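**Student:** Just a sequence and a predicted model for now, questions to come.
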Amino acid sequence: MDAKLGVRLKEVRTGAGLTQAELADRVSVSRKTINTVENGVFIPSTLLALKLAAALGTDVEDLFFLDTGGS
C-alpha cells in the first residue's frame, strides 16, 4: 500500500487565528518548519506532532492522517 501523510495543519492553524510564526513560537520551532510541514515537505516527529496538537487544542488525528489515495 502506497500511503503518504495527509496534513490539515494549515486549516486548523488558520481556523485558530494563528500565523505560522505564532504557531512556531508556541512549539519552539522555526516558521519555516511549520511551512514545510503544512506543505507536506517535512514529516514531523511524533513529539512535534503532539506539540502542534496541544498548541492548537486538538488531537493529532485532526492535524494528520494517512492518505492512501483511495476512497
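**Tutor:** Cool, the structure landed.

**Student:** List the contacts of the residue nearest to the spatial centre of the chain.
**Tutor:** Centre of the chain computed as the mean C-alpha position; nearest residue by Cα atoms, centre = their mean is Leu9, 3.8 Å away. Residues near Leu9 by Cβ atoms under 8 Å, 6 or more residues apart in numbering: Ile34, Val37, Glu38, Leu52, Leu63, Phe64. (C-beta placed from N, C-alpha, C; glycine too.)

**Student:** Closest one to Pro44 out of those, please.
**Tutor:** Distance to Pro44, by Cβ to Cβ, is smallest for Val37 among the contacts of Leu9, at 5.3 Å.

**Student:** Tally up the residues packed near the closest residue to the closest one other than its chain neighbours, please.
**Tutor:** What sits nearest to Val37 in space, not counting adjacent residues and going by Cβ to Cβ, 6 or more residues apart in numbering, is Pro44, at 5.3 Å. Residues lying near Pro44 (other Cβ atoms under 10 Å) number 22.

**Student:** Make 336 the first number, not 1, from now on.
**Tutor:** Sounds good: first residue 336 from here, last item Pro379.

**Student:** Pro379 touches Thr371, doesn't it?
**Tutor:** No. Contact between Pro379 and Thr371 fails when scored by Cβ atoms under 8 Å: they sit 9.2 Å apart.
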